[in-house]
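Peer 1: What would the 3D arrangement of this be:
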Amino acid sequence: MNIPFNELRSGYLAHQAEIDAAVRAVLESGWYILGRETAAFEVEFAAFCGVAGCVGVNSGTDALYLALCACNIGPGDEVITVAHTAVATVAAIRMTGATPVLVDIDPHTYTMSPAALAQAITPATRAVIPVHLYGHPADMDAILDVAKGLIIIEDCAQAHGARYKGRPVGSFGDLACYSFYPTKNLGASGDGGAVTGNNLELLEKVRLLREYGWTPQARYISQVEGINSRLDELQAAILRVRLRHLDAENERRRTLAALYSELLPDGLKKPVELVDCRHVYHLYVVQHSNRDDLRARLADAGVGTGIHYPAPVHLQPAYMYGQVRAHALPVTEQAAQEVLSLPMYPTLTEMQVRTVAAAVAKALQEIEHR
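Peer 2: Okay, the predicted model is just below:
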């Protein structure tokens with residue numbers, strides 16, 4: 001592709017000297033698991049998120065699973081979330097033995113519809129997982145109002161640095177979960193994740209669960225049943241470097257998104273940023289009824305694109321036979337047929353954005369007059 005959908009190598013090269021120095025320091029230290037780098041990253045990331053604490057884990061999926069386990073979610077419980085999300089959100093619920101209950105999304109932000117949430121709550125409902133999708137916050141005030149008395153676990157995997165009414169996402173629920181998959185706004189050079197929040201008791205449970213239930217005082221003695229899910233020192237060191245640049249890179253994404261929105265034709269549904277929200281554009285997602293034709297024409301023009309996501313979770317083979325309970329999802333199902341992600345990353349140039357926008361305009365003209 002002349003303009004790739006994503007380009008991870010350029011992100012490394014932008015901070016190469018700092019990252020190489022951080023990696024070298026870890027390798028020379030001889031301590032590679034749960035050492036000073038991980039501890040320092042946990043403190044720094046908690047401060048960035050405006051919360052009391054952070055526990056580094058192996059992935060965003062593990063973060064969600066361990067957060068649910070820390071809240072004692074299990075068989076017989078229902079957990080409400082959305083079908084328009086990375087499958088990890090639902091997979092983590094299933095890992096606990098609880099039942100995922102899937103509700104529809106807002107047509108403008110693609111995040112959980114508070115009205116749909118209200119209709120899905122039953123006596124078996126224990127928790128809600130709102131997903132801050134594409135970098136835009138979910139409507140947390142409305143969700144918290146509807147979900148009074150329920151556990152709230154925020155899925156912030158695509159929203160590092162996003163804000164809702166002046167507060168960072170992840171600071172509203174009982175716990176919040178992050179992924180540091182390489183493509184994320186804050187990406188590692190491998191897998192990684194974290195659980196954050198203000199409830200120190202729950203965070204301590206996560207800390208126990210991430211390493212077999214061991215405590216520093218009684219290593220090799222499991223106080224509770226846990227798993228192996230540790231953020232390693234190399235990834236923590238890289239994340240500390242990347243975290244220092246995250247605000248600037250998010251601002252770059254916002255600048256590029258504003259340029260896209262200015263240049264793209266009006267016949268295309270573009271992302272919104274609601275009042276009192278700060279979108280960090282993990283993805284720049286447009287919507288069009290002839291999405292597949294548009295995507296093919298952009299590929300011919302040398303423009304890479306993605307689809308997030310091509311099938312709602314309840315229509316995927318692994319989840320079609322009673323593994324989840326889905327309410328009416330008309331907005332979700334339409335979005336899956338029509339959304340298209342355009343190139344979006346901090347090293348994308350303004351000239352490349354202009355080239356992509358021109359290619360989109362040309363493709364839509366051809367579609368209209370075919």
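Peer 1: contacts, neighbours, all on C-alpha from now
Peer 2: Fine.
Peer 1: D247 contacts G161, correct?
Peer 2: Yes. Using CA atoms under 8 Å, D247 is in contact with G161, at 7.2 Å.
Peer 1: what residue is smack in the middle of this protein?
Peer 2: Residue closest to the mean C-alpha point of the chain, counted by CA atoms, centre = their mean, is A157 at 2.1 Å.
Peer 1: What separation do you get for the nearest residue to Y309 once chain neighbours are set aside and V285?
Peer 2: Residue nearest to Y309 in three dimensions, not counting chain neighbours: A336, with 5.8 Å by CA to CA, 6 or more residues apart in numbering. Using CA to CA, to the nearest Å, we find A336 at a distance of 12 Å from V285.
Peer 1: which residues in the stretch 201-350 of the chain form helices?
Peer 2: 233-244, 246-263, 291-300, 330-338, 350-368 (DSSP state H, counting those that start in this stretch).
Peer 1: When D247 and G161 are compared, which one has more neighbours?
Peer 2: G161 (22 against 18; other CA atoms under 10 Å).
Peer 1: Show me the helices in the stretch 1-150 of the chain, by range?
Peer 2: Going by DSSP H, counting those that start in this stretch, the stretch 1-150 of the chain shows helices at 8-14, 16-29, 36-49, 60-70, 88-96, 114-120, 140-146.
Peer 1: and those helices, which is most packed in?
Peer 2: Across the helices of the stretch 1-150 of the chain, averaging neighbours per residue (mean count of other CA atoms under 10 Å) puts helix 60-70 on top, at a mean of 26.
Peer 1: what separates that one from the chain centre, distance-wise?
Peer 2: 14 Å (CA atoms, centre = their mean, to the nearest Å).
Peer 1: I'd say L298 and L364 touch.
Peer 2: No. Using CA under 8 Å, L298 is not in contact with L364, being 9.9 Å away.
Peer 1: Test my guess that E333 contacts P310.
Peer 2: No. In this structure, E333 is not within contact of P310 by CA under 8 Å, at 9.4 Å.
Peer 1: Give me the below-cutoff pLDDT ranges for the stretch 101-250 of the chain.
Peer 2: The model of the stretch 101-250 of the chain has no residue with pLDDT under 70.
Peer 1: coming back round to it: neighbour-wise, which of A336 and V285 wins?
Peer 2: Neighbour totals were compared for A336 and V285, and V285 leads with 24 against 19 (other CA under 10 Å).
Peer 1: Give the bridge partners for the more buried one, please.
Peer 2: S341 (DSSP bridges).
Peer 1: ok, it touching P343?
Peer 2: No. With contact defined as CA under 8 Å, V285 does not reach P343; the gap is 9.3 Å.
Peer 1: rewinding a little: got any residues that touch both of E333 and P310?
Peer 2: Shared contacts of E333 and P310, defined by CA atoms under 8 Å, 6 or more residues apart in numbering, are not found at any residue.
Peer 1: so what's D155 closest to, chain neighbours aside?
Peer 2: V131 (4.7 Å).
Peer 1: brain fart, L364
Peer 2: L294 (6.8 Å).
Peer 1: give me the number of residues near the one you found?
Peer 2: Neighbour tally, L294, other CA under 10 Å: 21.
Peer 1: residues contacting it?
Peer 2: Contacts of L294 (CA under 8 Å, 6+ apart): V360, A363, L364, I367.
Peer 1: Can I have the buried ones of those as a PyMOL selection?
Peer 2: Restricted to buried positions by 16 or more other CA atoms under 10 Å, the PyMOL selection for these reads:
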select buried, resi 360+363+364
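Peer 1: Tabulate the contacts of L294 in TSV, adding columns for distance to Q235.
Peer 2: Formatted as TSV, these follow (distance: CA to CA, whole Å):
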residue	distance to Q235
V360	37
A363	41
L364	42
I367	45
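Peer 1: Taking the contacts of L294 together, which two end up most distant?
Peer 2: V360 and I367 (10.4 Å; CA to CA).
Peer 1: Now distance to V79 too, for the helices of the stretch 1-150 of the chain, in CSV please.
Peer 2: Output for the helices of the stretch 1-150 of the chain, formatted as CSV (distance: least, CA to CA, whole Å):
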stretch, distance to V79
helix 8-14, 34
helix 16-29, 39
helix 36-49, 24
helix 60-70, 9
helix 88-96, 7
helix 114-120, 10
helix 140-146, 14
